[in-house]
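Chemist: take this sequence and fold it.
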Amino acid sequence: MKQAKNDTQNENKFKIKVTKNGPYLASGGIPLSEQVICVDNDDQCHGWKEGKKYPPQESYALCRCGHSQNKPFCDGSHARVKFDGTETANHKTYMEQASEINGPSLKLTDVQELCVGARFCHRAGGAWKLTQQSGNSEAKQTAIEEICDCPSGRLVAWEKNGKAIEPNFEPSIGLVEDTQAKKMGPIWVRGGIPVESADGKPYEARNRVTLCRCGKSSNKPFCDGSHLK
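Modeler: Below you'll find the model as predicted:
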């Protein structure tokens with residue numbers, strides 16, 4: 001698995017702004033496409049495939065209230081339904097919140113609050129058990145696959161030398177489609193794109209985060225899996 005890029009120019013160019021009780025404003029020409037959760041022959045979530053690609057736009061507004069008739073884009077429905085988009089997520093860094101599991105050749109960090117219920121971590125006994133069995137090369141590789149498929153970055157795998165193992169994402173936005181659950185999932189922000197709160201305070205820029213687009217999350221602007229309920 002390649003190390004994720006850390007492109008300062010991209011970080012300066014791309015931006016997502018959370019607006020007060022309104023949409024996400026994406027600027028800088030961020031690529032936008034559907035990202036579909038794949039399911040294997042054992043009915044386990046395993047990997048991703050790209051769906052519809054949207055035409056490039058320098059800027060666009062993404063619905064976060066869940067009521068737009070022009071999804072994924074905002075059509076002003078947030079005003080009609082009197083959407084309360086108050087942000088409740090904290091501004092702590094990932095590592096300030098993470099718990100750790102140390103295996104023989106792999107470490108796993110976990111921030112449960114970021115879980116979006118994508119279910120990649122369930123396969124072959126689960127990412128936590130596989131980490132504890134990571135002295136076995138097959139178990140280690142499966143753990144890394146599962147952890148890196150986690151869209152929210154709730155789970156992060158680390159080599160024992162302290163180096164994070166991250167998928168190599170170009171800056172982009174994915175609209176998660178969960179065909180197994182028959183639900184639209186979160187907005188998947190990839191490649192270190194900065195997300196700024198409505199009051200102007202930045203959240204930690206990470207390689208992968210997931211933003212709520214159903215309007216029901218209790219951890220706004222981040223997804224907490226409420227779309228599955």
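
Chemist: pLDDT at Gln9, what is it?
Modeler: Note on Gln9: pLDDT of 46.

Chemist: please parse the protein into its domains.
Modeler: Under the assignment automatic domain parsing, the domains of the chain span 8-88+170-228, 94-110+117-165.

Chemist: residues near the nearest residue to Leu32 once chain neighbours are set aside, how many?
Modeler: Nearest residue to Leu32, sequence neighbours excluded (Cβ to Cβ, 6 or more residues apart in numbering): Tyr54, at 4.3 Å. Glycine gets a C-beta too; all of them are placed from N, C-alpha and C. When neighbours are counted by other Cβ atoms under 10 Å, Tyr54 registers 14.

Chemist: again, but for His122
Modeler: 13.

Chemist: is it true that it lies in a helix?
Modeler: Yes: checked against DSSP: H, G, I helix; E, B strand; the rest coil, His122 lies within a helix.

Chemist: contacts for stretch 215-228, please.
Modeler: Contact with stretch 215-228 is made by 18, 24, 64-67, 83, 85-89, 113-117, 152, 178, 181, 183-187, 195, 197, 203, 209-214, 229, as judged by Cβ atoms under 8 Å, 6 or more residues apart in numbering.

Chemist: the residue nearest to Leu32 against Gly29, yeah?
Modeler: No: with contacts defined as Cβ atoms under 8 Å, Tyr54 does not count as touching Gly29, sitting 11.7 Å away.

Chemist: ok, the nearest residue to Cys223 once chain neighbours are set aside - contacts?
Modeler: Spatial nearest neighbour of Cys223, excluding adjacent residues (Cβ to Cβ, 6+ apart): Pro186 at 3.6 Å. Shown in contact with Pro186 (Cβ under 8 Å, 6+ apart): Val116, Pro151, Ser152, Val176, Thr210, Leu211, Cys212, Arg213, Cys223, His227.

Chemist: from those residues, which is closest to Gly47?
Modeler: When the contacts of Pro186 are ranked by distance to Gly47 (Cβ to Cβ), Pro151 comes first, at 11.9 Å.

Chemist: what sits against the closest one?
Modeler: Residues in contact with Pro151 (Cβ under 8 Å, 6+ apart) are Gln35, Val116, Ala118, Gly174, Val176, Gly185, Pro186, Trp188, Arg208, Thr210.

Chemist: and if you look at Arg154?
Modeler: Contact partners of Arg154, counting by Cβ under 8 Å, 6+ apart, are Asp110, Val111, Gln112, Glu113, Leu114, Cys115, Val116.

Chemist: which residues of the chain fall in strands?
Modeler: Under the criterion DSSP state E, strands of the chain are mapped to 15-18, 24-27, 32-39, 45-53, 59-62, 99-102, 107-110, 155-158, 164-165, 172-178, 183-190, 195-196, 208-211.

Chemist: surely Leu62 meets Pro23?
Modeler: Yes: between Leu62 and Pro23 there is a contact under Cβ under 8 Å: 5.6 Å.
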